[in-house]
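# Here is the input, now give the coordinates:
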Amino acid sequence: MNNISPQQLLAQIRTLNAELQAPVPSQVDDTAKTGFGDLLSNAIGQVNESQMHAADMKSAFETGKSDASLAEVMISVQKADLSFRAMTEVRNKLVTAYQEIMNMPV
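Next up, the predicted model:
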């Protein structure tokens, strides 16, 4: 059986306590930290890009400048429509949440 002196045991406890009290280094890079506004702006930008791409594909198909099939154009248009509808629903939920917060008694 190990014979550990009280001083050694106390030193181990203090070492473990110091390790627990030490701040945990951040695993996330500072450039990767974004706020809610940035995330929302990026999402709106992606929806806009999707709509612009669908419009470009549609006009290129209509003028015959593109070799994309009708199915590819329709899928692109539907993806843009779906992303816009999803963004609209997110906006509606945010407005509703804001209104509920504003109506809370202080």
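
# This protein: helices as residue ranges?
Under the criterion DSSP state H, the chain contains helices at 6-21, 36-63, 70-102.

# Turn the ones you listed into JSON lines, including mean pLDDT and mean neighbour count.
The way it works is simple: take the backbone N, C-alpha and C, and place the C-beta from them, glycine included. Shown next, in JSON lines, are the helices of the chain (pLDDT from 0 to 100; neighbours: other CB atoms under 10 Å):
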{"stretch": "helix 6-21", "mean pLDDT": "75", "mean neighbour count": "9"}
{"stretch": "helix 36-63", "mean pLDDT": "92", "mean neighbour count": "13"}
{"stretch": "helix 70-102", "mean pLDDT": "93", "mean neighbour count": "12"}
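
# centroid residue for the protein?
Centroid-nearest residue in the chain, with CA atoms, centre = their mean: residue 39, separated by 5.8 Å.

# I'd like the distance from that one to residue 46, if you could.
Distance of residue 39 to residue 46, given as CB to CB, to the nearest Å: 11 Å.

# what does residue 4 give?
From residue 4 across to residue 46, the span is 60 Å (CB to CB).

# Please state the offset of stretch 86-103 from the chain centre?
Mean C-alpha position of stretch 86-103 versus that of the full chain (CA atoms, centre = their mean, to the nearest Å) differs by 18 Å.

# One more: stretch 10-29?
Relative to the chain's own centre, stretch 10-29 is displaced by 31 Å; criterion: CA atoms, centre = their mean.

# could I have it exported to CSV, CA atoms only?
Output of stretch 10-29 as CSV, limited to C-alpha atoms (Å, rounded to 0.1, in the frame of the first residue of the first chain):
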residue,chain,number,x,y,z
LEU,A,10,-2.2,18.4,0.6
ALA,A,11,0.2,19.4,-2.2
GLN,A,12,-1.7,17.2,-4.7
ILE,A,13,-5.0,18.7,-3.6
ARG,A,14,-3.6,22.3,-4.0
THR,A,15,-2.2,21.4,-7.4
LEU,A,16,-5.6,20.0,-8.6
ASN,A,17,-7.4,23.0,-7.1
ALA,A,18,-5.1,25.4,-8.9
GLU,A,19,-5.7,23.5,-12.2
LEU,A,20,-9.5,23.8,-11.7
GLN,A,21,-9.3,27.5,-10.9
ALA,A,22,-7.2,28.3,-13.9
PRO,A,23,-9.1,29.9,-16.8
VAL,A,24,-9.9,27.6,-19.7
PRO,A,25,-8.2,28.8,-22.9
SER,A,26,-10.6,29.8,-25.6
GLN,A,27,-11.0,27.2,-28.3
VAL,A,28,-12.7,29.6,-30.6
ASP,A,29,-10.7,32.0,-32.7
